[in-house]
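In: Could you look at this predicted model? Sequence included:
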Amino acid sequence: MDIKYVGSGTRYSRAVIYNHVAYLAGNVAKEPGPTAGEQARMILSQIDETLALCGTDKSKLLTATIVFTDMRDFDAVNEAWDAWVVPGHLPTRTPIEAKLLTPRHLVAMQVTAAV
Amino acid sequence: MDIKYVGSGTRYSRAVIYNHVAYLAGNVAKEPGPTAGEQARMILSQIDETLALCGTDKSKLLTATIVFTDMRDFDAVNEAWDAWVVPGHLPTRTPIEAKLLTPRHLVAMQVTAAV
Amino acid sequence: MDIKYVGSGTRYSRAVIYNHVAYLAGNVAKEPGPTAGEQARMILSQIDETLALCGTDKSKLLTATIVFTDMRDFDAVNEAWDAWVVPGHLPTRTPIEAKLLTPRHLVAMQVTAAV
């Protein structure tokens, strides 16, 4: 079985596919808007794009880890999440609160998907 | 290969099974007791229940991530853990300290298991 | 399919191999030096050792999660990381900031690899 690298830079790959699973890198918003809800929507659209590059889509998600920098953003991020996921094809979720690379980044998401 | 969803709600699934692996959602105690030790025991019993729904059990764990809100709870949580795991079938572990959804939740666990 | 345990102690295994994937435990430096860069180099060498025990190596990494206790260590840890990874075989990465077991531990890493 081959390992397939998607969107490799010099430090990490945007996704790695192996044995029918796509592992995506943790994503923060590329252009972080002022609210966690906006950032969540941007992240989910970045994830859509990466899943497409992997030959899969959000209806095949397996897991999601969501890093909140402030749990008070929980509802705003969930609003974006709930509008995005495919009913009947819901991944598992693990929410935690942690800090991210810069204070401008309010939320990050990491997902895996079946390919 | 099909993706099997276990205990799906409107936001996420309690577990997702794919390619012989069950990915469980991060668990906090449903009725959080006052100590991290009690919460850990409740979480481990919730995990037992979900693993059973997945057709597997704790002797087939692959990985565990444990989120402590306060590393001073390390020993109390480990006491519950040590009494629960199956000798000779120990998963890998990654402990981190982070905050959780509410201050009442002192510990969370996320596991994967072979099916 | 069998589950293979590598370096099992009484609480967790150093690695677990299942269905062509090695899941390694989260690693902190066994003898934590004073800087995050030194600790990162020690962790990466511990990971090399464990990957070898699993019959694989760093050219087959799939994912990496890096826990920084202080994001100001980002560049120092990345210097160690960049010198270690194999160009063209880059795993995905998820960096977060969280506390670890003791204040002496400045960085932790958890990886998975193809076997």
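Out: Looks like it came in fine. Numbering: from 1, shown residues only, chains lettered A, B, ... in the order given.
In: which residues in chain A form helices?
Out: Secondary structure of chain A (DSSP state H): helices at A:36-53, A:74-84.
In: per-residue confidence for residue A:114?
Out: With respect to pLDDT, residue A:114 scores 98.
In: Now for it: which residues touch it?
Out: Residues counted as contacts of residue A:114 (CB atoms under 8 Å, 6 or more residues apart in numbering or on different chains) are A:20, A:21, A:22, A:56, A:60, A:62, B:1, B:3, B:18, B:19. For glycine as for every other residue, the C-beta is placed from the backbone atoms N, C-alpha and C.
In: How many residues are close by the last one?
Out: It refers to residue B:19. Applying other CB atoms under 10 Å in any protein chain shown, we find 16 residues neighbouring residue B:19.
In: do you know how far it is from chain A?
Out: According to CB to the nearest CB, to the nearest Å, residue B:19 stands 5 Å off from chain A.
In: looking at it, that residue is touching residue B:1, isn't it?
Out: Yes - between residue B:19 and residue B:1 there is a contact under CB atoms under 8 Å: 5.6 Å.
In: anything in contact with each of those two?
Out: A:20, A:114.
In: Show me the beta-bridge partners of whichever residue of chain A sits closest to chain B.
Out: Distances between chain A and chain B by CB to the nearest CB are smallest at residue A:94, namely 3.2 Å. Residue A:94 has these beta-bridge partners by DSSP bridges: residue A:65.
In: looking at chain A, which helix or strand does the model trust least?
Out: In chain A, the helix or strand scored least confidently by mean pLDDT, DSSP states H and E is strand A:92-97, which has a mean of 93.
In: residues making contact with that one?
Out: Residues contacting strand A:92-97 (CB under 8 Å, 6+ apart): A:62-71, A:74, B:11-16, B:23-26, B:65, B:67, B:96, B:98-101, B:108, B:110, C:96, C:98.
In: For that strand, buried residues please.
Out: A:92, A:93, A:94, A:95, A:96, A:97 (16 or more other CB atoms under 10 Å in any protein chain shown).
In: Could you find the closest non-adjacent residue to the second one?
Out: It refers to residue A:93. residue B:12 (3.9 Å; CB to CB, 6 or more residues apart in numbering or on different chains).
In: Ok, residue A:39 next?
Out: Once flanking residues are discounted, residue A:39 sits nearest to residue A:29: 4.0 Å by CB to CB, 6+ apart.
In: Test my guess that the one you found contacts residue A:43.
Out: Yes - Residue A:29 is in contact with residue A:43 according to CB under 8 Å; the separation is 5.4 Å.
In: Of those two, which one has the most company?
Out: Between residue A:29 and residue A:43, counted using other CB under 10 Å, the more crowded position is residue A:43 (27 against 22).
In: Test my guess that that one contacts residue A:111.
Out: No - here residue A:43 does not reach residue A:111: they are 9.9 Å apart, not a contact under CB under 8 Å.
In: And for residue A:9, the neighbour number?
Out: For residue A:9, the count of nearby residues is 9 (other CB under 10 Å).
In: The residue lying closest to it once chain neighbours are set aside: neighbouring residues, count only.
Out: Distances taken as CB to CB, 6+ apart place residue C:90 nearest to residue A:9, at 7.2 Å, with adjacent residues excluded. Per other CB under 10 Å, the neighbour tally for residue C:90 reads 21.
In: same deal with residue A:56?
Out: 19.
In: Any figure for the gap between it and residue A:88?
Out: As judged by CB to CB, to the nearest Å, residue A:56 and residue A:88 stand 16 Å apart.
In: Please apply the same query to residue A:44.
Out: Residue A:44 is 18 Å from residue A:88, where distance means CB to CB.
In: How about residue A:9?
Out: 35 Å.
In: Give me the phi and psi for the nearest residue to residue A:103 once chain neighbours are set aside.
Out: Excluding the flanking residues, the one nearest residue A:103 by CB to CB, 6+ apart is residue A:69, at 7.9 Å. With angles defined as degrees, to the nearest 10, residue A:69 sits at phi -90, psi -20.
In: wait, isn't residue A:69 in contact with residue A:106?
Out: Yes - if you go by CB under 8 Å, residue A:69 and residue A:106 touch, sitting 5.2 Å apart.
In: Quick check: the residue of chain A nearest chain C.
Out: When distances are taken as CB to the nearest CB, chain A reaches nearest to chain C at residue A:26, 3.2 Å away.
In: about what we covered before: pLDDT wise, what is the residue nearest to residue A:39 at?
Out: So residue A:29 comes in at 97 (pLDDT).
In: Could you do residue A:89 as well?
Out: 98.
In: Quick one: neighbours of the closest residue to it other than its chain neighbours, just the number.
Out: Closest residue in space to residue A:89, ignoring its immediate chain neighbours: residue A:59 at 4.5 Å, by CB to CB, 6+ apart. Look at residue A:59: counted by other CB under 10 Å, it has 14 neighbours.
In: picking up where we left off before, go back to the contacts of residue A:114 and keep what's next to chain C.
Out: With the criterion set as CB under 8 Å from any CB of the partner chain, the members of the contacts of residue A:114 near chain C are residue B:19.
In: my guess is residue A:104 contacts residue A:32, does it?
Out: Yes - counting by CB under 8 Å, residue A:104 touches residue A:32, with 4.9 Å between them.
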